[in-house]
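A.B. asks: here's my sequence, what's the structure:
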Amino acid sequence: MRIFTKSLLALALTIVCVGGAKSQDYQIYERKTSVAAGDVVAIVNETDGTGKAFYGSGDNGLAYDIYTNAFKNTNATICFKLEAVTGGFLLRAMTPGGAEYSVYGGPGYLNSQAAEEGKWCCFIQGLNNQNGQDIGNGAVWDIQYSSVNGGFSIKNVGTNKYLKDATPAKYDDPTYFTLCTIISNDYHLSANHVLNVTNPISAGTNLWDRSATYTLSSPMVAGKTYVIKADVNAVNGGAVQLCCKVTSGDGNRAKYSGPKGVLKNEFTRVSWEFTAPAYDPADLYNQVEFQFGRIAGEIYIDNFSCKEKESSDELVANGDFEIPINVVGWTIPGNTGQSIQQTEKVLGTVETKATALCTVGAAGFMTFITGEKIVVDADDAKVYIAKYADPSVILTSCSIVPSNTPVIVEASAGDHVFRSTTDVPDDCSANELQLNGSDTPTNGTFYALGMKNSVVGFYKVAAGQSVPAGKAYLIITNPPTASREFIGISFGDEDVTGVNEVKVQKEVRGEYYNLNGQRVAQPTKGLYIVNGKKVIVK
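C.D. replies: Residues are numbered from 1 along each chain as shown. Next comes the predicted model:
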């Protein structure tokens, strides 16, 4: 959060917020000591006690008046955008709302009549030479900062004379102006500011239905690890996940998407470490996307950061959102009815532990991995590591999971949150689950967790097919499994199961499967799986 000390001149301003229908005034935000092409600045005089600033009046003329008159929304222009040309800059007039000002359908520039007696005004006109009185297409200005004099001199390259007031640039001695950015007086400089994304009232079906994407100042480098974090709040609660994306010849696409957080009506720190996989030369990891399609209402983001691990180089500009009226680098989908803006927000108590979001489907089981060391609430979900021991895959429960460890989650369908922890993790060295970093064709010995005919277990992935990226799997090559299409699961020392409890019956309607996952048309005595339940036929 930036704390700004106002000058006495700035304190005299009154204002309402930028962008509204009411008359709006502005105040100085940041005084510059250097300028570059693309900068948008107000030109004010703080050196002679007049407190005057340049602005464009309604008739396209250049005016020069005290702050309270110059910095009004009712004026045609109040700032100038620097456009680099040979010899210096053109000063493109900008409207109070931040748009480029036009004169008779073309660009409007700060101009200047010749340095002759009787010439009385500079004009914000650049399309013609006003019958020889103005410099065609705008004057070129040489702008130099003097640390000794505490301001910028503005010299007309054509006349070689300096600008002083709303008369032509005709002075031999420079006047040193303050070039500054300005903001609405409703912008409270001592408050905390955040990014506010508004979703439509009706929530989407998927997390990725609605999003906000930030383009990094420079792309991530393949093979390096980055720490990505943000404080996020959803006023109606809901799930949020972060996704690293690339821009390539195929357009924007996700290369890795990991569920990273669940949010309540409070700020929560969402963070994880991301190692950029190797990519084609055309692929650059240059975007981070916040996905929150199942949230209706307001989402707030603050303290957003992306840095290479052990580095201080920040890839996110204005991640604390304290540069006013600036959402540069952020985009939202154009067809979702969302809006994006900055606003004031009190963070309150921020949960400093990272969170990991796990969305379980109707099967009640899924494979899962996170870069955080997590602790699992036994009342909410159960987490297991897996190891094959003929004839089944044995699931062993764990409550504190090491980071980057693929596990199996058993829980009710929906979103579940796991919090990071600093406690010592459980011993998961016996775990045989492997994480697939990208879609990879299998060789016929891959077994993936799935559900068929209401039976949850590990199913053989056909040779040539792929295990989806981000999913865990088992490689089982023991001879007894060579022809098995299905391997049941058991919990510790329990019998092999298709998930649910044993029912001792003579006959149950449904399809019968033996413990090898093979359908049995005429079951005899023994243990079978029917409709997702273990059934003993006597």
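
A.B. asks: ok, and for stretch 357-371, which residues are buried?
C.D. replies: Buried residues in stretch 357-371, counted by 16 or more other C-beta atoms under 10 Å: 357-360, 363-371. (Glycine included, C-beta is placed from N, CA and C.)

A.B. asks: ok, residues contacting the helix or strand hosting residue 143?
C.D. replies: Assigning secondary structure by DSSP states H and E places residue 143 in strand 141-146. Taking contacts as C-beta atoms under 8 Å, 6 or more residues apart in numbering, the residues outside strand 141-146 that touch it are 32-35, 82, 87-91, 110, 151-157, 163, 176, 179.

A.B. asks: give the next helix or strand downstream of that strand.
C.D. replies: Sequence-wise, the next helix or strand beyond strand 141-146 is strand 151-156, with elements assigned using DSSP H and E.

A.B. asks: which strands and helices lie in contact with the helix or strand just after that next one?
C.D. replies: Of the helices and strands lying after strand 151-156 in sequence (DSSP H and E), the nearest is strand 161-162. Applying 3 or more C-beta pairs under 8 Å, 6 or more residues apart in numbering; DSSP states H and E, one finds that strand 161-162 contacts strand 151-156.

A.B. asks: hang on, the earlier thing: how far does the strand holding residue 143 sit from its chain's centre?
C.D. replies: For strand 141-146, the distance from its own C-alpha centre to the chain's C-alpha centre is 37 Å (C-alpha atoms, centre = their mean, to the nearest Å).

A.B. asks: give me the element residue 394 is part of.
C.D. replies: With secondary structure defined by DSSP H and E, residue 394 is part of strand 392-397.

A.B. asks: what are the pairing partners of that strand, and which direction each?
C.D. replies: Pairing partners of strand 392-397, with direction, according to DSSP bridges: strand 382-389 (antiparallel), strand 489-491 (parallel).

A.B. asks: residue 391 against residue 488, yeah?
C.D. replies: Yes - using C-beta atoms under 8 Å, residue 391 is in contact with residue 488, at 7.4 Å.

A.B. asks: looking at those two, which is more packed in?
C.D. replies: For residue 391 versus residue 488, the count of surrounding residues by other C-beta atoms under 10 Å is larger for residue 488: 24 against 15.

A.B. asks: contacts for stretch 319-329?
C.D. replies: Contact with stretch 319-329 is made by 1-2, 18, 29, 98, 183-184, 187, 193-195, 214-217, 230, 301-305, 316-318, 340-342, as judged by C-beta under 8 Å, 6+ apart.

A.B. asks: PyMOL command for the buried members of those residues?
C.D. replies: Only the buried members of the contacts of stretch 319-329 enter the following PyMOL selection, criterion being 16+ other C-beta under 10 Å:
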select buried, resi 18+29+183+184+187+193+194+195+214+215+216+230+301+302+303+304+305+316+318+342
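
A.B. asks: next up, phi/psi of residue 429, please.
C.D. replies: Phi and psi for residue 429, reported as degrees, to the nearest 10, are phi -70, psi -20.

A.B. asks: can you give me the neighbour number for it?
C.D. replies: The local packing count at residue 429 equals 7, with neighbours defined by other C-beta under 10 Å.

A.B. asks: likewise for residue 239?
C.D. replies: Other residues within reach of residue 239, judged by other C-beta under 10 Å, total 24.

A.B. asks: please apply the same query to the one 3 residues further on.
C.D. replies: Under the neighbour criterion other C-beta under 10 Å, residue 242 is assigned a count of 25.

A.B. asks: given the helix or strand harbouring it, what are its sheet partners and their directions?
C.D. replies: For residue 242, the enclosing helix or strand under DSSP H and E is strand 238-248. Neighbouring strands of strand 238-248 in its sheet, by DSSP bridges, are strand 251-263 (antiparallel), strand 284-291 (antiparallel).

A.B. asks: what lies in contact with the last one?
C.D. replies: Applying C-beta under 8 Å, 6+ apart, the contact partners of strand 284-291 are 197, 207-208, 210-216, 218-220, 222, 228, 230, 232, 240-248, 252, 254-255, 257, 276, 279, 299, 301, 306.

A.B. asks: which of these are buried?
C.D. replies: A residue is treated as buried here by neighbour count (16+ other C-beta under 10 Å); on that basis the buried members of the contacts of strand 284-291 are 197, 207-208, 210-216, 219-220, 228, 230, 232, 240-247, 255, 257, 276, 279, 299, 301, 306.

A.B. asks: you'd agree residue 328 is in a helix?
C.D. replies: No - the assignment for residue 328, made by DSSP: H, G, I helix; E, B strand; the rest coil, is coil rather than a helix.

A.B. asks: quick check: it vs residue 290, distance?
C.D. replies: In this structure, residue 328 and residue 290 are separated by 16 Å, where distance is defined by C-beta to C-beta, to the nearest Å.

A.B. asks: neighbour count winner among the two?
C.D. replies: Neighbour count, other C-beta under 10 Å: between residue 328 and residue 290, residue 290 has more, with 26 against 9.

A.B. asks: who is that one paired with across the strands?
C.D. replies: When bridges are assigned using DSSP bridges, the partners listed for residue 290 are residue 212, residue 242.

A.B. asks: pLDDT value on it, please?
C.D. replies: At residue 290 the predicted local confidence, pLDDT, stands at 91.

A.B. asks: cool, and residue 450?
C.D. replies: According to the model's per-residue confidence, residue 450 sits at a pLDDT of 85.
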